[in-house]
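>>> Whatever this is, show me its structure:
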Amino acid sequence: MTIRKTILGTAAALAGLCFGASAVLANQHTEMPKPGAETKKLDGFAGKWKTEATMQPGPWGPGGKMTGEQECTWFEGGWQLVCRENSEGAMGKMKSEAIIGWNGEEKAYKYMGFDSMGMMGQATGSVSGNTWSWTGEDKMGGKLIKSKYTITMPSPTSQTFKWEVSDDGGKTWKAAAEGKSTKK
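Next comes the predicted model:
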């Protein structure tokens, strides 16, 4: 009987510990996580924007003037911005969509986008003051192209940007586009 009582007592104690541990773990996840300060920095991009840019000729097209309108809205939960743009330039009308967010695992901002001309791209970003810096690698015309995209936000209603590319692994860089955006 004493062995049986010891086993039953041990089983009861283990069950109590398991129940208590599961209650503690359950309480840790009863609230939805909330975006932190890094995510909130993206709020400067939210809203409707009008863009004017000059594209240089390259694998992405013949170059020339480009105009566009973009709207960035917070995705459900407030973790990522979804940006949709309609633009027009030397190659005609184009639509694009992108998602921008903070990746807490990598401690970096992430961009993923695609457009109606078949391009898809990714970039990793950082911010210092009012300057955002993005870097990425994509294939264009069968060549690996490194990209640097710099956005400066001198005020809550204006942005300037410069897109630079390198087709030699980052040894030399040339301007691909420059422009400005104004919040509507």
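
>>> Quick one: low-confidence residue ranges for the chain.
1-29 (pLDDT under 70).

>>> in it, which spans are strands?
Counting by DSSP state E, residue ranges of the strands within the chain are 47-55, 64-74, 80-89, 92-103, 108-115, 120-128, 131-140, 143-155, 158-166, 174-183.

>>> ok, and the closest non-adjacent residue to G47?
K183 (5.4 Å; C-beta to C-beta, 6 or more residues apart in numbering). Where you see a C-beta, it was placed from the backbone N, CA and C, and this is true even at glycine.

>>> ok now do that neighbour, which residues does it touch?
47-49, 156-158 (C-beta atoms under 8 Å, 6 or more residues apart in numbering).

>>> ok so, going back, could you check the strands of the chain and tell me which one is nearest K40?
Closest to K40 of the strands of the chain, according to C-beta to C-beta: strand 92-103, at 9.0 Å.

>>> still on that earlier bit, would you list the buried entries among the contacts of K183?
Neighbour counting with 16 or more other C-beta atoms under 10 Å marks W49 as buried within the contacts of K183.

>>> Dump the strands of the chain to TSV, plus distance to A37.
Formatted as TSV, those follow (distance: least, C-beta to C-beta, whole Å):
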stretch	distance to A37
strand 47-55	20
strand 64-74	15
strand 80-89	15
strand 92-103	9
strand 108-115	13
strand 120-128	11
strand 131-140	15
strand 143-155	17
strand 158-166	21
strand 174-183	22
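
>>> In stretch 125-144, which residues are buried?
Applying 16+ other C-beta under 10 Å to stretch 125-144 flags 125, 127, 132-134, 136, 138 as buried.

>>> Pick out the most distant pair among those.
Most distant of those, by C-beta to C-beta, are V127 and D138, 21.8 Å apart.

>>> which of the buried residues of stretch 125-144 lies closest to T150?
Nearest member of these to T150, counting by C-beta to C-beta, is S133, at 5.6 Å.

>>> partner residues bridging that closest one?
S126, T150 (DSSP bridges).

>>> Tell me the spacing between it and I151.
Distance of S133 to I151, computed by C-beta to C-beta, to the nearest Å: 8 Å.

>>> Spell out which residues make up each domain of this protein.
Domain segmentation of the chain under automatic domain parsing yields 1-31, 37-183.

>>> Run through who's touching stretch 76-87.
By C-beta under 8 Å, 6+ apart, stretch 76-87 touches 32, 34-35, 39, 42, 45-46, 51, 66-75, 93-102, 113.

>>> got a list of contacts for stretch 114-126?
Contacts of stretch 114-126 (C-beta under 8 Å, 6+ apart): 60, 91, 93-98, 100, 106, 108-113, 132-136, 138, 140, 147, 149.
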